[in-house]
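# here's a sequence, model it:
(2 chains)
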Amino acid sequence: MIRFVDTHRFRASLAAVLLPLALAAVACRGSEAARPQEVRISGASTLYPILQLAAEQLRADTGLRVRVQAGGSTRGFEDTVAGRNDLGAMARELTPEETSEVRKYPIAYDGVGVVVHRSNPVGELSTDQLRRIYRKEVTRWREVGGEDAPIVVVSKAHGHATLETFLEHTGLRSSELEVDVVGGDNAQIIRVVANTEDAIGYVSLAEVLHVIDRGTPLELLRLDGVEPTPAAVADRSYPMFRPLYLISKVEPSAGSRRVLDFLLGDGGRRIIEQGLYVPVGS
Amino acid sequence: MFRSAPERGRWWAVGVAGAAPFVAVGAIAVFLLSHGSRALGELSIGTLAGRSWLPLDGLFGLAPLILGTLASTLLALTLAIPVGLATALFLTLHAGPRLRTAVDSAVAVLNGTPSVVIGLWGLTWIVPLVGNSLAAAALVLALMITPTLTLLAGAAMRQVPAELLEAVRALGVGNDVVAGVLMRHARLGILGAVTLAATRGLGEAVAVAMVAGNVGTLPSLFGPVATLTTTLILEFDSAVGVHRSALYLGAALVAALIGTVSVWGRQLQRRAESP
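Numbers count the residues shown, from 1 in each chain, chains lettered A, B, ... in the order given. Below you'll find the predicted structure:
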């Protein structure tokens, strides 16, 4: 009989391939069964840092496991309705139809800040100027008090809450937008504007305050004369902001309740303020 | 046949391993199409073929994304083919072993550079020159596919028998004739190299998304462009319902484009094989 391959080596290599797979399969099953109480949260990436810190704190204090997954507000809503999570995270106002399907718990507020490169002398825009820039009716910085350079307009991909808040505040429809660059998440908008001297963009205020603090060459513009700060969002004088919600389809479970109570209590308030968001009730 | 049990087991294992790629491709196709079927059912062909991709307004025109994908890849190939072939020719015909090793390893490093790094480079060096545009996307893509092309075309050229080149040189002809003979002999490998570079260009997403501008309008050279894959990267996480389904359809289109180019390249190769 002709040997097809060296039997021992063949078996050994087969085992080398199959054994890790089998172990991985066993490990996966084991870890799922071993978690009796766990709170699954999915949705807005804006809420991710707050939720992650809260999860660590709760784990240390009470042993409660909280698993957080970022993926956008609308996805958070869909997951909640489909029962794929225990709590959904939303970084925008819910539509009336959405509100009728879930319970919502306001956690915090976040402004949407208009940013330009630090070298740009323009320090303020009105909502009307902003509208005209994003419609390309105003195309040069000179027309709004800056240098004679073309404005590079940066916007956000469809499906992101920041875009929806921006559209709602300016009264623009998405089909009216005439932009040069579209970015996916806040980090990408920040990267583009920080790299482009003539760019303008809009991003999560909390996130941009953090990166400016770390030295990224960006400048936040006053909007309609108001400095964008967490305090101005708190007293509602800064006009462009969105609420951050946790939502659930049914009465929250005991675990979910603990997450909500923590976030609305002193511990949560500290985390939210550290993140430069605005706690509810402030 | 009187095969022993262990032997049958081995053949079975080989059969499974051999079938795996086909099963995987089939599974991916079924997966993409089943998720994309909702868009196919709810959106008219007119909408899907439309020239505007504005999901918030219910417009899911894939035409600008397909054109963006094709335009960026074709432009990148027009840059990469001359540069890649010239480099490969130089390395094969004129470079000494030490220089060849040095250039080869430089090209290999470039080939292995993660696309996000190339994207960052494009963002800081290319975008300030040509804006977030089709031109920037093509330049970044060219940088990514030229090494692939150079390495594969170079490997094909080195397969050409040295005696043949010696014989041609002995006729006293110029360097360009020698290069012509070399390219003619290595044409199958070169075609394979170009095909692989093209499929890599069609599928590349991360680096392109960082420089292309990603606006889903009809592409122009110095205007922003969105491709099927950049749109997937930007929107997939937050897309739901018919929007998500339309993105799956876009993913199926990328896969179909890449499959078509691969098969087409193979056929050209086969035709070239039997002159």
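# tell me who's in contact with residue 134.
No chain specified, so I'll use chain A. A:153, A:155, A:170, A:172, A:176-179 (C-beta atoms under 8 Å, 6 or more residues apart in numbering or on different chains). In this view, the C-beta of every residue, glycine as well, is placed from N, C-alpha and C.
# right idea, wrong chain: chain B
So B:L134 contacts B:68, B:71-72, B:75, B:212, B:219-225 (C-beta under 8 Å, 6+ apart).
# narrow these to those in helices?
If you go by DSSP state H, the contacts of B:L134 have B:68, B:71-72, B:75 in helices.
# now, which of the residues you listed sits nearest chain A?
B:G68 (12.2 Å; C-beta to the nearest C-beta).
# from what I see, that closest one and B:A226 are in contact.
Yes: B:G68 sits in contact with B:A226 when judged by C-beta atoms under 8 Å, with a separation of 5.2 Å.
# identify the contacts common to the two.
B:212, B:216.
# surely A:H117 touches A:A194?
Yes: the criterion here is C-beta under 8 Å, and A:H117 meets it with A:A194 at 6.8 Å.
# which residues do the two both contact?
By the contact definition C-beta under 8 Å, 6+ apart, A:H117 and A:A194 are jointly contacted by A:217-218.
# how far away is the residue in the stretch 1-150 of chain A that chain B sits nearest to from A:Q52?
Relative to chain B, the nearest point of the stretch 1-150 of chain A is A:G72 (2.9 Å; C-beta to the nearest C-beta). A:G72 sits 16 Å away from A:Q52, going by C-beta to C-beta, to the nearest Å.
# can you check B:D57 too?
The spacing between B:D57 and A:Q52, counted by C-beta to C-beta, is 34 Å.
# what do you get for A:E143?
Applying C-beta to C-beta to A:E143 and A:Q52 gives a distance of 43 Å.
# repeat for A:R269
From A:R269 across to A:Q52, the span is 16 Å (C-beta to C-beta).
# returning to what we had before: Throw the contacts of B:L134 into CSV and include neighbour count and distance to A:A199, thanks.
Shown next, in CSV, are the contacts of B:L134 (neighbours: other C-beta atoms under 10 Å in any protein chain shown; distance: C-beta to C-beta, whole Å):
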residue, neighbour count, distance to A:A199
B:G68, 30, 21
B:A71, 19, 24
B:S72, 30, 22
B:L75, 20, 24
B:A212, 31, 15
B:P219, 25, 21
B:S220, 12, 20
B:L221, 12, 20
B:F222, 12, 16
B:G223, 16, 16
B:P224, 26, 13
B:V225, 32, 18
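# of those, which ones also sit close to chain A?
Subset of the contacts of B:L134 in contact with chain A: B:P224, counting by C-beta under 8 Å from any C-beta of the partner chain.
# can you redo the contacts of B:L134 as TSV with pLDDT?
Formatted as TSV, the contacts of B:L134 follow (pLDDT from 0 to 100):
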residue	pLDDT
B:G68	95
B:A71	95
B:S72	96
B:L75	96
B:A212	92
B:P219	85
B:S220	86
B:L221	90
B:F222	91
B:G223	90
B:P224	92
B:V225	92
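# okay if I get the contacts of B:L134 as TSV plus distance to A:E78?
What follows is those, written out as TSV (distance: C-beta to C-beta, whole Å):
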residue	distance to A:E78
B:G68	28
B:A71	34
B:S72	32
B:L75	38
B:A212	28
B:P219	32
B:S220	36
B:L221	39
B:F222	38
B:G223	34
B:P224	29
B:V225	30
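# out of the contacts of B:L134, which is nearest to B:G36?
Comparing these against B:G36 with C-beta to C-beta picks out B:G68 as the nearest, at 19.0 Å.
# what's the mean pLDDT across whichever strand or helix holds B:E235?
In the assignment (DSSP states H and E), B:E235 maps to helix B:228-235. Mean pLDDT, computed over helix B:228-235, is 92.
# which strands and helices lie in contact with that helix?
Contacts defined by 3 or more C-beta pairs under 8 Å, 6 or more residues apart in numbering or on different chains; DSSP states H and E place helix B:228-235 against helix B:63-93, helix B:206-211, helix B:241-273.
# just these: most buried one?
helix B:206-211 (a mean of 27; mean count of other C-beta atoms under 10 Å in any protein chain shown).
# quick one: it near chain A?
Yes: contact of helix B:206-211 with chain A (C-beta under 8 Å from any C-beta) involves B:209-210.
# which regions of the chain lie under the pLDDT threshold?
With no chain named, the answer covers chain A. A:1-36, A:282 (pLDDT under 70).
# not quite, I wanted chain B
For chain B, the ranges with pLDDT under 70 are B:1-3, B:274-275.
# quick check: residues of it near chain A?
Residues of chain B lying near chain A (C-beta under 8 Å from any C-beta): B:4, B:6-7, B:10-11, B:13, B:52, B:54-57, B:59, B:123-124, B:127-128, B:131-132, B:209-210, B:213-215, B:224, B:226, B:233-235, B:237-241, B:243.
# where exactly do the helices run in the stretch 51-200 of chain A?
A:73-82, A:96-101, A:127-134, A:161-170, A:186-195 (DSSP state H, counting those that start in this stretch).
# okay, buried residues for the last one please.
Yep, that's helix A:186-195 we're talking about. A:186, A:188-195 (16 or more other C-beta atoms under 10 Å in any protein chain shown).
# now swap in the first one and tell me
Going by neighbour count (16+ other C-beta under 10 Å), the buried part of helix A:73-82 is A:73-80.
# quick check, A:V211 in contact with A:I190.
Yes: assessed by C-beta under 8 Å, A:V211 is found in contact with A:I190 at 5.6 Å.
# any shared contact partners between these two?
Here A:V211 and A:I190 have A:L218 as joint contacts, going by C-beta under 8 Å, 6+ apart.
# need the helices of the stretch 51-200 of chain A in JSON lines with distance to B:L268, can you?
Below are the helices of the stretch 51-200 of chain A laid out as JSON lines (distance: least, C-beta to C-beta, whole Å):
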{"stretch": "helix A:73-82", "distance to B:L268": "43"}
{"stretch": "helix A:96-101", "distance to B:L268": "53"}
{"stretch": "helix A:127-134", "distance to B:L268": "47"}
{"stretch": "helix A:161-170", "distance to B:L268": "44"}
{"stretch": "helix A:186-195", "distance to B:L268": "39"}
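# what sits closest to residue 38 if chain neighbours are left out?
Using chain A. The shortest distance from A:E38 to any residue that is not its chain neighbour, by C-beta to C-beta, 6 or more residues apart in numbering or on different chains, is 4.4 Å, and that residue is A:R65.
# sorry, should have said chain B
That would be B:S245: by C-beta to C-beta, 6+ apart, it lies 3.9 Å from B:R38.
# B:T230 now?
B:A209 (4.1 Å).
# now do the contacts for that neighbour.
Per C-beta under 8 Å, 6+ apart, neighbours of B:A209: A:184, B:119, B:229-230, B:233-234.
# got it, and B:V103?
Residues in contact with B:V103 (C-beta under 8 Å, 6+ apart) are B:87, B:91, B:95.
# pretty sure the residue of the stretch 1-150 of chain A closest to chain B sits against B:S238.
Yes: the pair A:G72 and B:S238 passes the contact test of C-beta under 8 Å, sitting 2.9 Å apart.
# the nearest residue in space to A:G225 that is not next to it in sequence: neighbouring residues, count only.
Excluding the flanking residues, the one nearest A:G225 by C-beta to C-beta, 6+ apart is A:E124, at 6.7 Å. A:E124 has 15 neighbouring residues, counting by other C-beta atoms under 10 Å in any protein chain shown.
# Provide the partner residues of A:E124 in its beta bridges.
Per DSSP bridges, the residues bridged to A:E124 are A:R222.
# from A:V233, how far off is it?
17 Å.
# ok so, going back, looking at A:G72 and A:Q52, which one has more neighbours?
In this view A:G72 and A:Q52 are compared by other C-beta under 10 Å, and A:G72 has more residues nearby, 28 against 15.
# which residues touch that one?
A:43-45, A:159-161, B:237-239.
# would you mind listing what in the stretch 151-282 of chain A touches chain B?
Counting by C-beta under 8 Å from any C-beta, the stretch 151-282 of chain A sits next to chain B at A:152, A:157-160, A:163-164, A:167, A:173-175, A:179-184, A:188, A:191-192, A:195-196.
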